[in-house]
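*Asks:* What would the 3D arrangement of this be:
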Amino acid sequence: MGNIGSCCGTSEGTENRKMVPADLHSSGAQQNKKAAVQQKGNRRPDTLQCAENAASTTANPVGASSKYSGFSLHGVQKTSPVGYSNESLSTQDKAVRGKFLAKNVVTFFGRYKEKHCDEILEEGVARFCSDLNVDPAEFVVLALAWKFKAATMCKFTREEFTQGCISLQVDSIESLLDALPSLENEALTNFRDVYKFAFQFGLDTDQGQRTLPCEVAIGMWQVVFSKQTPALLSEWITFLNVSKVRGISRDTWNMFLHFTDNIATDLSNYDDSEAWPSLFDDFVEYYRTLTDKQEKSGESSQQDSDSASDLKVNEESGEKEENVALESPHSDSSSDIVEVAMAPTQNEDEMECVQSEPVTSDNLHS
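*Replies:* Presented below is the predicted three-dimensional model:
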């Protein structure tokens, strides 16, 4: 009976069956299955749809935002779930956006590039500035070239244009127009860098230039200082033209910024014993001579003005005296009137004397 009872599954037999190795194995398998389900639940969803499904099964209160709500339209998760760093996702986001921008910038560049070469040359730059509604000689265009790291005026290579647009995060005229104000402020903040860039930008590297032609340097000074004009810039340009300077070296270019930052407007603190280029010594001498002439001319003009004022006062006083003399009842004009009145009387007496003489032939012949 005992053997039959154990075969038929009595209580004692049931308890014994729970301890068999097969059942122990089955229990372990159940635990492993539960662990696998939990691990699967923690996996990052592969698509936006999976993320939405995962978010709908969470126990968040009604109206609470999902932890996967930061996905972009391109499937790049902006807000990382647990187990992923925000820094790595930010890098991935930038990489995807950079790739997207680069594709659009290719089209943007193609609107202005030359047909016979892979560069934007003078004509394309002119159309580019026209679309931006800016003059090529404006400071913001120089700032744009500085941001693009352009090597030469009136030319953008594909790499310069592409990298510049990506750094500004723009891919069209409209987006670039929106970025221009902040770009100009950035250039003014880094004005010394922009100033040094302007010299190299003005050189014709294809011709091997190492100094700027004077007319190019003057034009570049007028552009780079259009937002912050030094007091002596006009006199400096006049001096260069009068002196017929042919070229401006890099050292002279850089020292002029130092000159405008540290030398007083009246040049009172300029020391020619310091290591200034000789051109600055000549300019200081020219300016002081010009100032002395202007001061002397001013003094002479003041003296002439004072003399003219005195003469005018004398003339006015003379006119007043004449008016007073004409209006006075005791003036000498009455005696003149009497003399004039007496004159006809004397003439009449003479005429009577002549008429009283008898008319003779001698008188007639005489």
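
*Asks:* which SSE is the nearest residue to residue 192 once chain neighbours are set aside in?
*Replies:* Computed as C-beta to C-beta, 6 or more residues apart in numbering, the closest residue to residue 192 that is not its neighbour in sequence is residue 257, at 7.1 Å. Every C-beta, even on glycine, is put in place using the N, C-alpha and C of the backbone. Following DSSP states H and E, the helix or strand that holds residue 257 is helix 250-262.

*Asks:* Pull out the buried positions in that helix.
*Replies:* Buried residues in helix 250-262, defined by neighbour count with 16 or more other C-beta atoms under 10 Å: 252, 253, 255, 256, 257, 259, 260.

*Asks:* before we move on, back to that, looks like the residue nearest to residue 192 contacts residue 195 (just checking).
*Replies:* Yes - Residue 257 is in contact with residue 195 according to C-beta atoms under 8 Å; the separation is 5.5 Å.

*Asks:* ok, the residue found closest to residue 106 once you drop the neighbours it is linked to in the chain - how many residues close by?
*Replies:* For residue 106, the nearest residue in space outside its immediate sequence neighbours is residue 162; the separation is 7.4 Å by C-beta to C-beta, 6+ apart. When counting by other C-beta atoms under 10 Å, one arrives at 19 neighbours for residue 162.

*Asks:* before we move on, what about the one 5 residues further on?
*Replies:* Residues contacting residue 167 under the criterion other C-beta under 10 Å number 12.

*Asks:* same check, this time on residue 146
*Replies:* 21.

*Asks:* and if you look at residue 99?
*Replies:* Here the count is done by other C-beta under 10 Å, and residue 99 has 11 residues near it.

*Asks:* now do the one 3 residues further on
*Replies:* Residue 102 is flanked by 14 other residues according to other C-beta under 10 Å.

*Asks:* which SSE is it in?
*Replies:* In the assignment (DSSP H and E), residue 102 maps to helix 86-110.

*Asks:* what's the helix holding residue 257 in contact with?
*Replies:* Under the criterion C-beta atoms under 8 Å, 6 or more residues apart in numbering, residues 192, 195-196, 199, 210-212, 217, 221, 230-233, 236, 269, 276-277, 279-280 lie in contact with helix 250-262.

*Asks:* any idea how far residue 161 is from residue 142?
*Replies:* As judged by C-beta to C-beta, to the nearest Å, residue 142 and residue 161 stand 16 Å apart.

*Asks:* er, residue 124 I mean
*Replies:* Shown here: residue 124 relative to residue 161, a distance of 10 Å by C-beta to C-beta.

*Asks:* And the two? Which one has more around it.
*Replies:* Of the pair residue 124 and residue 161, residue 161 is the one with more neighbours under other C-beta under 10 Å, namely 22 against 19.

*Asks:* of the contacts of helix 250-262, buried ones?
*Replies:* Judged by neighbour count, with 16+ other C-beta under 10 Å as the criterion, the buried members of the contacts of helix 250-262 are 195, 199, 211, 212, 217, 221, 230, 232, 236, 276, 279, 280.

*Asks:* Can you name the residues that contact residue 246?
*Replies:* 213, 214.

*Asks:* what's around residue 242, how many residues?
*Replies:* Other residues within reach of residue 242, judged by other C-beta under 10 Å, total 10.

*Asks:* Now do the contacts for the nearest residue to it once chain neighbours are set aside.
*Replies:* Beyond its immediate neighbours in the sequence, the residue positioned closest to residue 242 (C-beta to C-beta, 6+ apart) is residue 286, lying 7.5 Å away. Under the criterion of C-beta under 8 Å, 6+ apart, the contact list for residue 286 reads 239, 242, 243.

*Asks:* Among those, which are located in helices?
*Replies:* Restricting the contacts of residue 286 to those inside helices, with DSSP state H as the criterion, leaves 239, 242, 243.

*Asks:* quick one: the residue nearest to residue 242 is in a helix?
*Replies:* Yes - Residue 286: assigned to a helix according to DSSP: H, G, I helix; E, B strand; the rest coil.
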